[in-house]
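**Q** need the 3D shape of this:
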Amino acid sequence: MTTQTALAADQRRELFEMMVLIRTFEEAMLREYHADKSPGFDIGAGLVPGEMHLSAGQEPVAVGVAAHLTTDDAVTATHRPHHIAIAHGVDMRAMTAEIFGRETGLGRGRGGHMHLFDPKTHFSCSGIIAEGLPPALGQAFAFQRAATDRVAVAVTGEGSANQGAFHESLNLAALWKLPVVFVVEDNDWGISVPRAASTSVPSNADRAAAYGIPGVRVEDNAVESVWQAAGEAIGRARAGEGPSLIEVHTLRLWGHFEGDAQGYRSDLAEVAGHDPIPTYRDALIADGVIAEGDAEAIRAAASDRVEDAVAYAKASPVPSADDALKYVFAEGARA
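**A** Numbering: from 1, shown residues only. Next up, the predicted model:
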């Protein structure tokens, strides 16, 4: 693999800004989701009904990988997709409107937060475990056939590494030497099942060897470590050297879904102390990249962007019931 050059100060600041933007968005979604679901939690109530999976703690994965991509590259994500979408440049207003089920959303309010599709940035996600890997292969195959240097990135969870689609995708990508990078987010929990109770190997990166491709595990959930590993893998893909597998040992700060009491977690008391954002902020301050006041200004700017998106979503129209079948079935199938 190619060794990356060290990050410049402005690049480090940009990584931090993106991590803060993502966290600010997720905190706003947490607030809006729970705003009208009390005093008793009702998953079907409120402006944002249904399940909600938030990505607080996993920002380093999204930001470190997306820093090497353009919106001409394709990205597929999981049911926990907001951090990946934001880092890849999906329009925040349209995404928020989709989460709120509004007509101005990415899918005109029909898909919700687990089904975000943005052709402008070649981003998609799915609520089905490991479902994003085969579409990433299709896009990588198209990029290869067109003789471009575009790449596809498939982000998935450690639980999906036990699915057939994961292994089939790695095999075909290696066989055809496709320009695709597989990124596994290992947050230690497959819903409520600890990794050790479901996976026979200590690192899914080790599974890359079975398909003859490079595999690396990033253990520290640090954005610069992810940036390094992703840069090497994406560089290989662009150069026509085929696929790679990266696993990042990341962190799920909050529940699997909102409303999850997390009674199964024995590590909850320690979780907040491993938050990657204050850790990175402190490192940047210590290195003279930012000052305390800069960090506060970055947070304020992120809040302005996020609150604008929330206001836009709330002011957008709800789809008409008369249009319930629009964009769902072909016209000829309605008769």
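**Q** which SSE is residue 37 in?
**A** For residue 37, there is no enclosing helix or strand under DSSP states H and E.
**Q** so who does it touch?
**A** 43, 45-46, 259 (CB atoms under 8 Å, 6 or more residues apart in numbering). Every C-beta, even on glycine, is put in place using the N, C-alpha and C of the backbone.
**Q** closest to residue 58 out of those?
**A** residue 259 (19.0 Å; CB to CB).
**Q** look at the closest one and give its secondary structure.
**A** coil (DSSP: H, G, I helix; E, B strand; the rest coil).
**Q** look at the residue nearest to it when sequence neighbours are not counted and give its secondary structure.
**A** With sequence-adjacent residues excluded and distances taken as CB to CB, 6 or more residues apart in numbering, residue 259 is closest to residue 41, at 5.1 Å. Here residue 41 is recorded as coil under three-state DSSP.
**Q** where does pLDDT dip in the stretch 51-200 of the chain?
**A** Of all residues in the stretch 51-200 of the chain, none has pLDDT under 70.
**Q** so which residues of it form strands?
**A** Secondary structure of the stretch 51-200 of the chain (DSSP state E, counting those that start in this stretch): strands at 74-77, 117-118, 123-125, 152-157, 180-186, 189-190, 193-194.
**Q** for these, which one sits closest to residue 313?
**A** strand 117-118 (15.5 Å).
**Q** which other helices and strands contact the closest one?
**A** Strand 117-118 sits against strand 123-125, with contacts defined as 3 or more CB pairs under 8 Å, 6 or more residues apart in numbering; DSSP states H and E.
**Q** which strands or helices does the strand it packs on pack on?
**A** Using 3+ CB pairs under 8 Å, 6+ apart, strand 123-125 is in contact with strand 74-77, helix 82-87, strand 117-118.
**Q** among the strands of the stretch 51-200 of the chain, which is nearest residue 327?
**A** strand 117-118 (11.0 Å).
**Q** what pairs with that closest one, and is each one parallel or antiparallel?
**A** strand 123-125 (antiparallel) (DSSP bridges).
**Q** how deep is residue 70 tucked in, by neighbour count?
**A** Neighbourhood size, residue 70 [other CB atoms under 10 Å]: 12.
**Q** swap that for residue 14, please
**A** 14.
**Q** can you tell me the closest non-neighbouring residue to it?
**A** Using CB to CB, 6+ apart, the nearest residue to residue 14 is residue 67, at 7.6 Å.
**Q** surely that neighbour touches residue 227?
**A** Yes - counting by CB atoms under 8 Å, residue 227 is a contact partner of residue 67 at 5.7 Å.
**Q** all helices for this structure, in order.
**A** 9-34, 59-66, 82-87, 92-99, 133-145, 164-176, 223-238, 268-271, 276-286, 292-315 (DSSP state H).
**Q** buried residues of the longest one, list them for me.
**A** Residues of helix 9-34 classed as buried: 12-13, 15-26, 28-29, 32-33 (neighbour count, 16 or more other CB atoms under 10 Å).
**Q** state the mean pLDDT of it.
**A** For helix 9-34, mean pLDDT is 98.
**Q** can you list the contacts of residue 37 in JSON lines and add pLDDT, neighbour count and distance to residue 243?
**A** Output for these, formatted as JSON lines (pLDDT from 0 to 100; neighbours: other CB atoms under 10 Å; distance: CB to CB, whole Å):
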{"residue": "43", "pLDDT": "90", "neighbour count": "14", "distance to residue 243": "38"}
{"residue": "45", "pLDDT": "90", "neighbour count": "12", "distance to residue 243": "44"}
{"residue": "46", "pLDDT": "90", "neighbour count": "15", "distance to residue 243": "42"}
{"residue": "259", "pLDDT": "91", "neighbour count": "14", "distance to residue 243": "37"}
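**Q** any idea how far residue 136 is from residue 156?
**A** 9 Å (CB to CB, to the nearest Å).
**Q** quick check: neighbours shared by these two?
**A** Joint contacts of residue 136 and residue 156 (CB under 8 Å, 6+ apart) are residue 182.
**Q** residue contacts, the residue nearest the centre of the chain?
**A** Against the mean C-alpha coordinate of the chain, by CA atoms, centre = their mean, the closest residue is residue 84 at 2.9 Å. By CB under 8 Å, 6+ apart, the contact set of residue 84 is 55, 61-62, 66, 75, 77, 123, 125, 155.
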